[in-house]
Structures are given as C-alpha cells and as structure tokens.
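>>> Give me coordinates for this.
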Amino acid sequence: MGQKLLGQFLRWTIYAFGIAYLFCFNIVQAQDLLNRLKKEYNKTGKASVERFQLTGKYAQALFFNNQQDEAIALLEENVSLASKLSDGKYAAYLYTILAINNRILENTSISADNIGKAKLYAKKTTELETKGYVKYGEGWLATRNNKEAEAVRNFLQALQYFDSAPPSPTLDTRKSSVYKELTSIYANWNEYESQEKYGNLALQLAVKQKDASAIFEAYMSMGYMYEQQFILNPHIQQHRNLAEKYYLQAIDLYNKNKHTIAIASNLSFVANNLANLYLRFYPESYKGKVQYYAQLAESKGLETGQHNHVASAYGIQAELAIQEQDFARAKSNLLASLTEINKEPVTDQHILLSIYENLSDICERDGDYKEALRYYKLYREVFESIYNKEKLGLSKRLEAQYEKEKQMQEVKNLQLESEKKEQQLQLMQVLGTQQRQELENLRLREENNLKRLELSRMEADQQRQALRLSKLESETRAGEALNYRKELSYREKINRFYTILIAATFILLLVLFYAYRQRTKHMKQRERLHGLELEKERQRSNIATLTAMLDGQEQERGRLARDLHDGLGGLLSGTKLHLSHISEQSDVFSKRQLSKSIEQIDIAVDELRRVAHNLMPDLLQNYGLEEALTDYASRMSNDSTEIHVQFLHYRNPMDKDQELITYRVIQELVNNAVKHASPHQVIIQIVEEELRYMVTVEDDGKGFDIDNIKNTNSAGLHNINSRVRFLSGNLHIQSSVTLGTSVEFEFPKKNKDD
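Numbering: from 1, shown residues only. All right, here's what the predicted structure looks like:
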C-alpha cells in the first residue's frame, strides 16, 4: 500500500532536485556575485576582449537574478559589437548564450535565429573550444525541443572539438556540462552503459577541478543510476551496494563542504533517497537507518523550506509505520505529508492520489467509515482528473514514444559509427607502432654496420703494421692504398654530383607542376566569374521585364479604376437620380418597384467603389501600407471570417514600390484564402528586422496539398512568386489539409542610397 506512495514521492523529488540544483546556488549568493561581476564589467573597455569574455557570466547572473530584460539587452549590445570583429569566436559565444536564454523565456523562434547566427560566426573562427561550445548550445536546445537524438549528435561533436582544443580555464567546465547532458539523456533512454560511462567522466572531471558541488551532483547521479539498474536486475546485489556507496559518499561530502556547497536542501534530498533504498531493498534490520535518514530529511527540509522533501520523508516514515502495523503513526505521517504537499504552488496529482487512497484504507481499518468515505471521494475526484488528462494526452504520449524509439535507433547508429572509427584509429595506432619498430630495426642495423666498419679499420691498421716489417712490401702496399683512396674520393664526388643533379631536377619538376596547377585554377576561376556575370546580367534582364510588367499592370489598374469611378459611377448616379424623380411622380405600386431598382443601383455603386478601391487603393498612396492594410482587413472581414493585421517593430516604412507590391501580394493571398479555404480567421503579420522585412499570412481554413498546387502551375502562385522575386525576396508556403495554410515571404530593405 505504501510502496506506491513512496515511488511517487521519489520521482517527484528527483525532478525537484534537477531544477533546484541548477538555480539554488545562484539564489543564495546572487547579490554578492552580481555586484562583483558588475564592478569587473565596468572596469573593462567598450568592445574589448575582456568585456566580451565577461559579458557571458554577467548576463547569466542578471538572468537568474530575475533581471531577464537587462541580461538580454546586455547580450544584444555586446554581440552587435563582437559581430564586427574579423574573428567570430566572441560573437558565436554570445549568440549561443542569447539562444539559451531566449529558449528559457519560451522565445523559440528568436532562439532558433540566435543559434543560427552563432553557427555562422563559428565558421569564422579557428578556435576549437568556441566551435565546441556552439555545438553544446545546439545540443542543449535540441534536448529542450524533444530532439534527443539530434542533441546526442551535437554533444558528441562538441566533445570532439573540446578534446582537440588546447587547455583553458573554461575547457573542463564546458566538458563537464556536456557529460551531464549526455548522462541525463541516456538515463531517460534507460541506456545504463552509456549513462555510467558519461557519469564516471563527469565525476572524474569534477574531482580534477576540486568542485564540491559538481562532485556531489555526480555522486547523486551515479547512486540513482545504480538504484535503477538494481530495480531492473534485482539479482545483481552489486548495483544496490554501489547505489548505497555513492549516496553515503554524497552525504559525507556535504558534511565536509557545507559552506562550499551552500545548499542545505541537498542533504534532505540525498537522505530521502538513501532512506528509500534501505526501506525497499535491505533487510528489516536496516529499519533504524530508514528512520534516521527519513528524520534527517524531514528536519533539513523544514529548515530550508523544501516542502516536497519533507513530504517525501513523511511518506517513507508512513510506509515504515505500516510495515510495523502502527496505523495511527502511519495516518499521522500521511496527514503531515498531505499538509506539506499542499504548500507547493503546483501539487503532484499522483502523490495526492496515493495519499488519499492510503488514508481511506487506514480509516476503514480503524472503523472511521465517514472519514474513509471522504478520502475515497477525494481519491475518486483526483483519479477522474488524472484519467481525463491521461486520456486526452494518450495520442501525444504514443507519438512521443515513437519519436523517442526512433531517436534511440539513430543514437545506436551513431554509436556503431563511432565504434567503427575507434577501430580504425586503433588499426592506425598498430600500424604506427609497426613503423616505429621497423625504424628502430633500421637504426640497429646501421649501428651494426658502423661497428663492423670500425672493426674493419682496426684490422686494416693491424695489417699495415705487419706489412711495415718488410720495406718492399710496405712501399708497394702504401702505393696501392693511396691509389685506392683517390679512387674512392673520386667516386664520392661523382655520386655527390649525381645526387645534387637529381634533387635539382626533382625541384624543377615540382615548380613546373605547381605553376601548371595555379594556371589551371586561375582559368577555372575566370570561367566561374564569367558565368556569374552572365547570370547577373540575366537577373537584371528579368528584373527589368518584371518592372515593366508590374508598372504596366498598376497603370492599367489605375486607368480602369478612374474609368469605372468617373464613367460608370457617374452614369449609375445619374440613373439613380432619374429613377428617384420618376418615383416621386408615380403611384404606390410603381414606387415600390422603382425603390427596388434604386436599391440594386446602390448595391452596384458600392460594388463599383469596392472594385475601384481594390484596383488602386487611395489609402496606400496617401497614408501608407499600415493604414491601407487595416482598411482592407476591415472591409474583407464579415460574420464568418475575421481578418487581423499586426505590425511588429515597424519603425522604418518601406518605399512606395515595396509597399505597393507587398499590398498586392497580401491582397492576392487573402483573396485566395477567403475564396478557397473558408477560414474563420486570417492573420496578416509584418515584422521589421535589422536588414529585412518578413510578411506572414496565416489562415485556419481547409488547407491544401502543396505538391498538387505546384504541379498545376497555378497562375496566382506564379504571379505571387514573380512579385516576391521582384523584391529580391524568398517565398515559403506551409499547408496541410484541414490544418490551414501559412505563407511567409521575406525581402531585404532598400538602402537610402538606392
């Protein structure tokens, strides 16, 4: 009965620890750290390397001290200065931090744009550590976007860069961050072998850095990993013992480094986990330890205000009381646990479910059926709430499970590829060893030859001394030796001459080959430049054609609008006046007939004005795009379709040509949506960025198959594409049947000099 409750407490506690560990240390020492970083930052010069290096730390301190706007502004100010440097490492570093902060603030599109710019500037630097940090940022974002396989690829690439980078003050810290992320992902996938590998690496690095907080976190991670392995394989007692070992090491480390770790709630967390381990997997003789560590977690949790830790400690004590048949103490602990859980801003419904169920059982056992019924009703209410939520989320969970299995398969493929590369490296190492051995053998042979030569010289000296005993023989032998030495000297000179001649010939051939390659490369470059010039000329021709066509269309629209308004409009107005005059002189029946005709003429006049306005909107010419689109949306909206216009950061209006073409493209898109998609809502959004404008038209209508539209060569789509190309822009269409359509096009701003 209590085991289910304990499992819910443990899962909730582990989640809470992950969040608390990331932020609590900054909360405790936030103000002192912030003041110190601010002083250091103000001492640095504007656009200096020291300021760029310090900006990341200062911005993070502001961000996690509830000054998010100041942090974002600080990063944007410095990244704009860093982007002007030829070396892109500082811009890449700051854009990565900006992407992470914007993702925490749920600004996903801005975050994606930030990490894209970080990747761009990472290509402009040769510093491997910066490239690795950008890859770490990509992996961090992919993890938070539920793309864990992509995250693993980025983390592994980050480690490759870090392993190749020279030592620095930040290298080990960044490596440790990657190890922790990989450990977390493999824990989520139940890949305990990989989790153990990166958990051990994180622990080794923390010990190397002498970082008590990092060592504590590594001990906790390893302890929980071995506990989960023991749950899956209860026959392997070593996993249980290792879990106990790491939990005890974490407690001992905390007691020795209280002032360094500075998070008292850590002790209550590890005490809860250790008490749970003794309760679930150790003999009854360990009940004393269960009670001791549960009470330790309770006292520390109350001291630090960690209500979830306190609730977990009460739950463990309730389970212990149930095992000892002390139901009064169990009920008291469950009620205390319920009180602590309700102090949390967001209560875990599964924990409440277990508490109510156990309280109902205990009250029923005690004969208090009224309380038992009350708790059972509360249990039913929570159960129905959970059931309804789980029923609604079933399809999403199945989809997430499928995606997770798919990502795990991709990671396994990556692991196989990595193992293959490791085998290739090992083979290369073996070949290198063989080559070194062969070189050593050659060196030994050379030494042997030298020794033999020395021995031959010694023997020759002995022979010359023996030959001197006879003058005749010694003179003859001396003459022969002199001639022999001259011949050897001559041969050495000849050999040296041929060697120099061969070397000079070889160098000459290399120079000729290099000159040939350079000439070939130069010819290819000239051909490419010629091709680019031709393409540029074709584009100019296309733009001139489009300009003439669009000018002609607009002139024709204006002429038609004026003809309709001045000609047909005046004719209809005169006809209305004539009929009104006749109506005044006619009988009742004729007046009724004539009034219908006059109403139809009014409708025709309104339709004529609407057509003329669409052909040449006066508001666009006189008041600009914003007023024209607002009026157009108001006129096109009706009871079944609402059209909204949004202008974001629109401070520098477009020139008249850009406004007219943008208005025509939006008009075409909205008309198509209203005509074909039957939407309830259409949103027009125009966003001004530093170098471009972005326009989005979205509807919630029927949608369509994009491939079918492309295959039909729609005239409307061709017209829209032509106008966007005239703006030197790009068009993107996303649509799905029954889910609506989103059309986005972007185009650069025109310079004031253009």
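
>>> Let me see the ranges of the helices in the stretch 51-200 of the chain.
Applying DSSP state H, counting those that start in this stretch to the stretch 51-200 of the chain gives helices spanning 68-82, 89-104, 108-122, 128-144, 148-164, 171-188, 192-209.

>>> export those to CSV and tack on mean neighbour count and distance to residue 258?
C-beta here means a position set from N, CA and C on the backbone, and glycine is covered the same way. Shown next, in CSV, are these (neighbours: other CB atoms under 10 Å; distance: least, CB to CB, whole Å):
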stretch, mean neighbour count, distance to residue 258
helix 68-82, 18, 30
helix 89-104, 24, 30
helix 108-122, 19, 37
helix 128-144, 23, 31
helix 148-164, 20, 32
helix 171-188, 21, 22
helix 192-209, 18, 18
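
>>> between these, which gets nearest to residue 328?
Smallest distance to residue 328 across the helices of the stretch 51-200 of the chain (CB to CB): 39.1 Å, for helix 171-188.

>>> ok, and what's touching that closest one?
By CB atoms under 8 Å, 6 or more residues apart in numbering, the list of residues contacting helix 171-188 from outside reads 129, 132-133, 136, 139-140, 143, 148, 151-152, 155, 158-159, 162, 165, 192, 194-195, 198-199, 201-202, 205-206, 208-209, 214, 217, 221, 224-225, 228.

>>> Could you do stretch 153-168 as well?
Looking at what lies outside stretch 153-168 - CB under 8 Å, 6+ apart - the contacts are 127-129, 131-133, 135-136, 138-139, 142, 171, 174-175, 178, 181-182, 185, 410, 414, 418.

>>> For my notes, confirm residue 747 occurs in a helix.
No: according to DSSP: H, G, I helix; E, B strand; the rest coil, residue 747 belongs to no helix; its state is strand.

>>> ok, what's across the strand from it?
Bridge pairing for residue 747 (DSSP bridges) gives the partners residue 693.

>>> correct me, but it touches residue 692?
Yes: the pair residue 747 / residue 692 is scored as a contact, 6.4 Å apart, by CB atoms under 8 Å.

>>> For the lengthiest helix in the chain, which helices and strands make contact with it?
Counting by DSSP state H, the longest helix found in the chain is helix 471-563. The contact analysis (3 or more CB pairs under 8 Å, 6 or more residues apart in numbering; DSSP states H and E) places helix 471-563 against helix 394-467, helix 588-615, helix 715-726.

>>> Out of these, which gets the lowest mean score?
Confidence, taken as mean pLDDT, is least for helix 588-615 of those (a mean of 64).

>>> what's the next secondary structure element after it?
helix 618-623 (DSSP states H and E).

>>> now the helix or strand following that following helix: how far from the chain's centre is it?
As assigned by DSSP H and E, the chain's next helix or strand after helix 618-623 is helix 625-636. Helix 625-636 has its C-alpha centroid displaced from the chain centroid by 38 Å (CA atoms, centre = their mean, to the nearest Å).

>>> right, and the helix or strand after helix 625-636?
strand 642-648.

>>> list the helices and strands that following strand packs on?
On a contact count with 3+ CB pairs under 8 Å, 6+ apart, strand 642-648 meets helix 625-636, strand 681-688.

>>> Output the shortest one as CSV - backbone C-alpha positions only.
What it means is strand 681-688. Once non-C-alpha atoms are left out, strand 681-688 reads as follows in CSV (Å, rounded to 0.1, in the frame of the first residue of the first chain):
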residue,chain,number,x,y,z
GLN,A,681,-9.6,33.7,-39.0
VAL,A,682,-6.9,35.2,-41.2
ILE,A,683,-3.8,36.8,-39.6
ILE,A,684,-1.5,39.3,-41.5
GLN,A,685,1.8,39.9,-39.8
ILE,A,686,4.5,42.3,-40.9
VAL,A,687,7.8,42.3,-38.9
GLU,A,688,10.7,44.7,-39.5
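
>>> by contact count, what packs against it?
Packed against strand 681-688, as judged by 3+ CB pairs under 8 Å, 6+ apart, are the following elements: helix 625-636, strand 642-648, helix 656-672, strand 692-699.

>>> thought residue 270 was touching residue 255?
No: using CB under 8 Å, residue 270 makes no contact with residue 255, being 10.8 Å away.

>>> So between the two, which is more surrounded?
The neighbour comparison of residue 270 against residue 255 (other CB atoms under 10 Å) goes to residue 270, with 28 against 10.

>>> Quick one, grab the pLDDT at the most centrally placed residue in the chain.
The geometric centre of the chain, computed from its C-alpha atoms, lies nearest to residue 141 (CA atoms, centre = their mean), at 2.5 Å. The per-residue pLDDT reported for residue 141 equals 92.

>>> Ok, residue 101 next?
The model's pLDDT for residue 101 equals 91.

>>> Can you tell me how far it is from residue 141?
11 Å (CB to CB, to the nearest Å).

>>> where in the stretch 1-150 of the chain is pLDDT low?
For the stretch 1-150 of the chain, the stretches flagged by pLDDT under 70 are 1-30.

>>> could you redo the last one with a cut-off of 50?
Applying pLDDT under 50 to the stretch 1-150 of the chain picks out residues 1-28.

>>> May I see the buried residues of the helix or strand encompassing residue 380?
Counting by DSSP H and E, the element that carries residue 380 is helix 369-392. Buried residues in helix 369-392, counted by 16 or more other CB atoms under 10 Å: 371-372, 375-376, 378-379, 382-383.

>>> Stretch 685-692 now?
Residues of stretch 685-692 classed as buried: 686, 688 (neighbour count, 16+ other CB under 10 Å).

>>> That stretch: how far from the chain's middle?
Remark: stretch 685-692 is offset 23 Å from the chain centroid, using CA atoms, centre = their mean.

>>> gap between the two ends of that stretch?
One end of stretch 685-692 to the other measures 14 Å (CA to CA, to the nearest Å).

>>> go on, stretch 303-311?
For stretch 303-311, the end-to-end distance is 13 Å (CA to CA).

>>> same question, stretch 727-742
Taking CA to CA, stretch 727-742 runs 20 Å from one end to the other.

>>> now do stretch 701-718
Stretch 701-718: ends 22 Å apart by CA to CA.

>>> before we move on, what about stretch 279-295?
14 Å.

>>> let's number from 508 now, not from 1
From this message on, residue numbering opens at 508, which makes the last subject stretch 786-802.

>>> in that stretch, what's buried?
786-788, 793, 796-798, 800-801.

>>> Show me which pair in these is furthest apart.
Greatest spatial distance in the buried residues of stretch 786-802: 788 and 798, 16.2 Å, computed using CB to CB.

>>> ok, back up a step: helices or strands next to the helix holding residue 887 in the packing?
Counting contacts by 3+ CB pairs under 8 Å, 6+ apart, helix 876-899 packs against helix 856-873.

>>> hang on, residue 729 is in a strand, isn't it?
No: under the criterion used here (three-state DSSP), residue 729 is helix, not part of a strand.

>>> wait, what's in contact with it?
Residues in contact with residue 729 (CB under 8 Å, 6+ apart) are 703, 706-707, 710, 749, 753.

>>> Turn those into CSV, including pLDDT and distance to residue 817.
Formatted as CSV, the contacts of residue 729 follow (pLDDT from 0 to 100; distance: CB to CB, whole Å):
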residue, pLDDT, distance to residue 817
703, 83, 32
706, 81, 28
707, 84, 33
710, 82, 29
749, 89, 28
753, 88, 24
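
>>> sorry, back to before: want to throw the buried residues of helix 876-899 into CSV with pLDDT and distance to residue 1007?
Below are the buried residues of helix 876-899 laid out as CSV (pLDDT from 0 to 100; distance: CB to CB, whole Å):
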residue, pLDDT, distance to residue 1007
878, 87, 108
879, 85, 107
882, 85, 103
883, 86, 104
885, 87, 101
886, 85, 99
889, 81, 95
890, 82, 96
